[in-house]
Each structure stands twice: as structure tokens, then as C-alpha cells.
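Engineer: mind folding the following:
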Amino acid sequence: MLRSRVIAISVVVLALVVLLEVLGAAAGRRVDATLAQALDWSREASLDAELEAYMVRAAGEAASALLANNEAYAAEAREAMARARIRLERLRSRDRAEDDLRHETAALRARQTAMFDQLTSALAPLSKLGERAPAETRTVDAVYAYEAGLSGLRQSTQAFTERALHLAEVRTARWRGIADGLSVLRLVTLCLLVFVLAQLLQRRIVSPLVQLSAAAEALSAGDFSARVTEEGGDEVGELQHAFNRMAAQLREYDDDSRRRRLQLTEALEQSEAALRSKADFVASISHELRTPMHGVIGMAELLLRDELDGDVRDRVAAIHGSASALLSVINDILDFSKLEGGHMKLDAKPVNLRALVDECVGLLSSRACERDVQLSAEIDAAVPMWLVGDGDRLRQVLNNLIGNAVKFTEHGAVKIRARRVAEGTGRLRIEIEDSGIGIAADARLRIFEPFEQADGASQRGHGGTGLGLAISSRLVGAMGGEIRVDSVPGEGSVFRFEIALVACEPPAADAAPEGAIVPVGAHVLIVEDHPVNQALARRMMNKLGCTFELATDGAEAIEALSRSRFDLVLMDCHMPGMDGCSATRVIRAGEAGTPARIPIVAMTAGAMDADRVAARDAGMDDFLAKPFSLTELQQAVERWVRRAA
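Structural biologist: Numbers count the residues shown, from 1 in each chain. This next block holds a predicted model:
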């Protein structure tokens, strides 16, 4: 294991370092001992010098005493000899058998003793200095004979001192060299340890970590085949093995993720294909239903504008009402398809909230009177007259909620309230309260799901597709709000929602009041392939006081434009042969480079957003979705004829 190796190397090197430290300490002690020995020898040399000095003094004082027969000199000589004897005894006590200079010391000590004894004998007559005549020649000669041998003693002492100094220098140099060598060896050992550990770290840690880092970078870049070489069974080897296992698992997870993504992609494609098929189906059904519905509703509307007796008017009104109800169901299905596919877009423009609420109340007031229900609206004075929002979608939500309230209230009242949530916030709260049958607690969330009602009996007793609340909930959500409901079964319900509507200036007033038919007097080209809708278009043009020509497809429309001048073109989009979008492109291409541009209004049963986009991209100026009313046609004709003029 790597840790064991590092510990073993560290222990060995530590032992070497400790050993070298011990040896270095021993060498240091030997150096200290050598220095102490040298100091001891220097002290011995000092004692030798003192012994020699005292003996020289004793000899000199003795000679003076003998020559002068002076007791004072004799006393000085005896004192000097006493001191010399003390020095000699001290020198003898310092002699050791283990001393490296014991031979030199023994020879020197013998000579010193002999010289001391000789001097002692020579000074013996001093004890009888007063008893005999002075200046005994032999005694003086003996004293002077000692001084003659003093030079030999000095040479011996000098030789001993030089030998001691030399020996001390040699020993000190040798042990200092050993201590320095041990220090160098200790440094080399530490450097070797660092080198070995560095090599071990490089080979077993740094290099594998570099490989691991590169492999990790490859993994993060998506290369799950990256692996590292596994070396040894130590901790790094275990890390490498764990990394390879992790990489293998990531590879498996990636393969599994790829398979899942592929499956999800296929499922998404199938789902999108199903949604496209559904959207195409809904668009196709909507187109096929709207085309005949346009004829039914349009003809019924024209009949209702004529003078009819009561029974016939009632029948025509029933036809018109039934067709409008069927159109409402078609619109609900189409709106739900748009919301479900995320294709519903809000059209923000100035909205008169009071007029919109009054319109909804007026539309449902007759049904409320039939059911003995009092229908009323209350708009707080703090609510501005004009607000920015999608009025059509807000009208759709209100019609649905108010219609449901009237539908499920046998008698009593339905109240619509609108007020600001807080001053300056721009949020508006709208409530619809009824005294109807109420909703059970377990059904309050379910009623906002598609094709769901509170219970089956409600659907059988009151009708409906179950799409109204689902569509309204999604529309309010798109406006930034949420529909909430409070209800007590048997007492009634309150539906409320909050949306952000910003105050704005009122738009320009319309030229004609709603429902008033004013002759336009324009020359219009109608491009329509359906016979019933052709007949309806002729009658509507007659009502509007317009002259017109009919074309059954895009090719006939292009030919008619080449030979006559028209104020407006009403173009159906779905026709056999050349369709309306293709014909519009040809017409716009022919107008290129000229100031002329004839207004073209799409007049089609395709009510999807894609149909509007296709018409706009082809070069059409406006869009009328079938079935449309005579008033809507009048507004479109007036708008574009007035603009072209």
C-alpha cells in the first residue's frame, strides 16, 4: 500500500537521521573533550611555568642570602621554595595514566623533581645562615649549578607545551571534520529522502492524478469511454479502479439515457404527429362545418332582416339560434384545441369594460327572464372606462361564466361585480355570484377539466359540452389570473378571478352604430367556390349596395382583375384549382413596381391561427372567418374601401 511504503521510507530515513544526530552529538562531545583536555594542558603548562619561576626566584634569593648573609633574602628563598613545592605537588596530582602525554609528562615531572631536589639540597645551608661565616663558595656554586640546568628544564617544558598544543589541534580538527561530515551526510540523507518521496509522489500520485484529471475532463465533455491505467493495489490504485467503475457506470447510464432519449424522441414525434393530426382534423372539421354553417346562419340573418310574419320569423329565428348554438360548440372545440396546443394568442387593445359587461348581460337577459332570474351588473366607480386587454377573450370568459350561472339557477339572482383589487395596482377582480344549485366540494376542481361537469345529471338536465369552464380557466390563466370558486350546494356559487388591465385612452369612434346597415357603394370581386355561399355573398352585397362580380377560383379572379377595376377583393382561401393564397401572391407580384395595391380580404372557413398567418404571408390585408355577420362584412368593406380611397 502506498501509505505503508511512505511510512516505511519515512521510518528508515528518520532512523538514519537519528543515528547521524547521535553520531554528530558524540563527535561534538569529543570535540568538547579535546578542547577541555587542551585547556587542562594549558593549565598544566601554566603550573610548569609557575614552578619554574618560583624555583628561579628561590635560587636567586638563596644566592643573595648566602652572599650577603641576609636573613630576609633567606626567608624569601624559603617562601619561594614552599610555593614551588605546592606547584610541584599540584602537577603530580594532575598526572593521569590515561593521558595521551603521559610519557612526556612523566619525563618532565622527573626532571622537575630532580631540579627541585637539587635546589632543595643547594639551599640547605640557609638554615644555618647565622652560625657560620658568609660567602661559602661551595654553597653558592651549588645554587649557580642549578641555574645552569634550568635551561634544560625550560626546553623540556617548552617541548611539552608544543606537543600538547599540536595534539589538541590535531584532535580538534579530526573530530570537527567528523562532525562536519556527519552534518553533510545528514543533509544528503534528507535530500535523498525528499528525492525518493518526490519520485514516489510523481509516479504514484501526481502522474495518476494527472491521468484522472484528463479522464475526468473527457467524461465531462461526454466521452464516456475514457479510462485510466490501474497500477498497484494501493490507495491510488483503488481510486483508479473506482474511477474506471464510475466511468463504466456512466457509460451504461449514458447508453441507457440515449436509449431513453431515443424512445422519448420517438414518443414526442409520435405525440407531435398525433397533435398535428388532431389539429389538422380539427381544422378540417372546423372548415367543413363552418362552410355550410356560414350559409345557414347568413341566410337566416338575411331573412330576419326582411319583413316576415310572426310564425315564419319564429321558425327562422329558431334556425338562426340553433345554428349559432352549434357554431358556439364548434368554436369551443376549436378554442380548446388552440389552448391545448399552446397556439392561443391574446390581442390587447382598448376595451370598454362597462359596455362589454352590459353586452354580456343583454345577450343573456332574455334567457334569464325565461328562468325567472334577476340578472344585474355592478361596476365600481374606481374602475376606468377604458382598459387595455383582449376584449373578445374576456367577453368569451364572461359569457361562459354568466351563462353557466343563469343555466344552473332555477330562480333567484345572478350578480356580476367588478372592482379594483388595490389602488394603483392595475389588477381587476371580477365576480359572478348566483343563487343556483351550487357545486359539491369534490367537484370544484373537476369542473375545470375538459368534458367534465359537476355530475352527469347536470349534463343531461342542462346540456353543454363540458368545455366552457376548461376554456375559461385557460384563458384567464393566459391573462395572468386564476379562476376560483366558492360554493355551497343548494345555496349558490361565486366564481371570481383577478387579471391585470391597465387604463388607457378611448379609441376613435366608429363611423356607424352597431347593427345599422349603411350602403357602401363599392365594386367588389367575390372569389367563392361554394354555391350556397356564392348566393349568400350576392344577397349580402345587395344589402350593402355594392356591385360585384363572382369568380369560382383563383385563376378566374386573376382574369377578372386583368379586365376590370375593383375597389375590394373578398378572397376564399380553400378552393379547387388555384387557391386564394396562390392567387394573392400572383396579384401582389403583378403589382410590384407600381403604386397600385388593391385591398384583399380573406373570406374563409379556416379559423385557425395558421390560416391567418398564411393569409397575411400571402399578401392579404384582412381576415373574415366564416360564418361572419352582415355587420362584420360591412365593417370590413367600409374600412378597406375608405382606406383605398
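Engineer: report the contact partners of Met540.
Structural biologist: 298, 302, 630, 633 (C-beta atoms under 8 Å, 6 or more residues apart in numbering). Bear in mind the C-beta positions are built from the backbone N, C-alpha and C, glycine included.
Engineer: what separates Trp386 from Pro507, distance-wise?
Structural biologist: Trp386 is 8 Å from Pro507, where distance means C-beta to C-beta, to the nearest Å.
Engineer: which residues do those two both contact?
Structural biologist: By C-beta under 8 Å, 6+ apart, the residues touching both Trp386 and Pro507 are Pro350.
Engineer: the more surrounded of those two?
Structural biologist: Shown here are Trp386 and Pro507; by other C-beta atoms under 10 Å, Trp386 has more neighbours (17 against 11).
Engineer: give me the phi and psi for that one.
Structural biologist: Dihedral pair for Trp386: phi -120, psi 130, per degrees, to the nearest 10.
Engineer: these two touch, right, it and Ala503?
Structural biologist: Yes: Trp386 is within contact range of Ala503, at 6.8 Å (criterion: C-beta atoms under 8 Å).
Engineer: returning to what we had before: out of the contacts of Met540, which comes closest to Phe281?
Structural biologist: Nearest to Phe281 among those is Gly298, at 25.5 Å by C-beta to C-beta.
Engineer: that closest one: what's it in contact with?
Structural biologist: 533, 536, 540, 627-630.
Engineer: which of the contacts of Met540 has the largest number of neighbours?
Structural biologist: Going by other C-beta under 10 Å, Gly298 tops the contacts of Met540 with 25 neighbours.
Engineer: looking at this, it is in a helix?
Structural biologist: Yes: assessed with DSSP: H, G, I helix; E, B strand; the rest coil, Gly298 lies in a helix.
Engineer: that one and Glu528, how far apart?
Structural biologist: 12 Å.
Engineer: what's the following helix or strand after the worst-scoring helix or strand of the chain on mean pLDDT?
Structural biologist: One helix or strand of the chain scores below all others by mean pLDDT, DSSP states H and E: helix 456-462, with a mean of 48. The helix or strand immediately downstream of helix 456-462 is helix 468-478, counting by DSSP states H and E.
Engineer: list the buried residues for that following helix?
Structural biologist: Neighbour-count burial for helix 468-478 flags 468-476, 478 (criterion: 16 or more other C-beta atoms under 10 Å).
Engineer: closest to Arg588 among the residues you listed?
Structural biologist: Nearest to Arg588 out of the buried residues of helix 468-478 is Ala478 (C-beta to C-beta; 33.7 Å).
Engineer: on that earlier part again, could I get the buried residues of helix 468-478 as TSV with pLDDT and distance to Ala82?
Structural biologist: Compiled in TSV, those are given as follows (pLDDT from 0 to 100; distance: C-beta to C-beta, whole Å):
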residue	pLDDT	distance to Ala82
Gly468	79	144
Leu469	85	140
Ala470	84	138
Ile471	84	140
Ser472	86	139
Ser473	87	135
Arg474	87	134
Leu475	87	137
Val476	90	134
Ala478	86	132
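Engineer: and for Ala317, the neighbour number?
Structural biologist: With other C-beta under 10 Å as criterion, Ala317 counts 14.
Engineer: dump the residue contacts of the closest residue to it other than its chain neighbours.
Structural biologist: Excluding its sequence neighbours, the residue lying closest to Ala317 (C-beta to C-beta, 6 or more residues apart in numbering) is Leu304, at 6.5 Å. Residues near Leu304 by C-beta under 8 Å, 6+ apart: 313, 316-317, 320.
Engineer: just the buried residues from those residues, in ChimeraX please.
Structural biologist: A single ChimeraX command selects the buried members of these (16+ other C-beta under 10 Å):
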select :316,320
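Engineer: since that was my last question, I'll sign off now.
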